[in-house]
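Engineer: my questions are about this predicted structure, shown below with the sequence.
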Amino acid sequence: MKKLIFVFALVIVSCGREKKEVSAPVNDKFSIVLEAVYQLDDSLSVVIKKDGYWDYENPISLSVKGQDLAQKITVDLPEQVYLENFQVTLSTNKEQKHLDLKGVTVLNNEKVMLEGSALKYVPYFNANSGMKWDEKMMRNDLNFNGEYPPGFVGNEQLESVLMN
């Protein structure tokens, strides 16, 4: 009888234990999603900061088809690269006079790290001399005559969001 109780108790205890699942490590997979109106065909490029350094040797370039409506442009970063900051050259087409940049969102493994729609991205980035905000038209005027092509870079606020 004692053996039966012992076996019964052993079965109950072993069935009640939760099995530990071995989970695979999660790889970082960052994406930058721009929402913008490009009226003319153009291209943009993204340079990322990783391991404390800007990776100017490996920019990520994309072509953009011009249209009158806003489009979402997704820039996928290489897997297993932790994004610390980034800068974007928004236009290389000198005929592009204006750009309506409606949003900049940052995702990691499809989870939103920075929700930057409806101009909520503005405090996290600094525009260079190639971009000037047109308050009346609510868009950026592009200038290709300066030191840099039109673009922006993340500031300390963006870095603090990405490091959390």
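Structural biologist: Structure received. Residues are numbered from 1 along each chain as shown.
Engineer: from here on, just use CA atoms for contacts and neighbour counts.
Structural biologist: Noted.
Engineer: and residue 45, that's in a strand?
Structural biologist: Yes: counting by DSSP: H, G, I helix; E, B strand; the rest coil, residue 45 falls inside a strand.
Engineer: next, count neighbours for it.
Structural biologist: Applying other C-alpha atoms under 10 Å, we find 18 residues neighbouring residue 45.
Engineer: could you check the pLDDT of it?
Structural biologist: Residue-level confidence at residue 45 comes out at 97, pLDDT.
Engineer: who's it bridged to?
Structural biologist: Here residue 45 sits in beta bridges with residue 61, residue 89, going by DSSP bridges.
Engineer: and the strands in this structure?
Structural biologist: In the chain, the segments counted as strands under DSSP state E are 30-37, 42-50, 53-54, 60-64, 71-76, 85-89, 98-108, 111-114, 125-127, 131-134, 139-142, 151-154.
Engineer: could you dump those strands into JSON lines and include distance to residue 163?
Structural biologist: What follows is the strands of the chain, written out as JSON lines (distance: least, C-alpha to C-alpha, whole Å):
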{"stretch": "strand 30-37", "distance to residue 163": "13"}
{"stretch": "strand 42-50", "distance to residue 163": "11"}
{"stretch": "strand 53-54", "distance to residue 163": "15"}
{"stretch": "strand 60-64", "distance to residue 163": "22"}
{"stretch": "strand 71-76", "distance to residue 163": "19"}
{"stretch": "strand 85-89", "distance to residue 163": "9"}
{"stretch": "strand 98-108", "distance to residue 163": "12"}
{"stretch": "strand 111-114", "distance to residue 163": "10"}
{"stretch": "strand 125-127", "distance to residue 163": "16"}
{"stretch": "strand 131-134", "distance to residue 163": "27"}
{"stretch": "strand 139-142", "distance to residue 163": "29"}
{"stretch": "strand 151-154", "distance to residue 163": "13"}
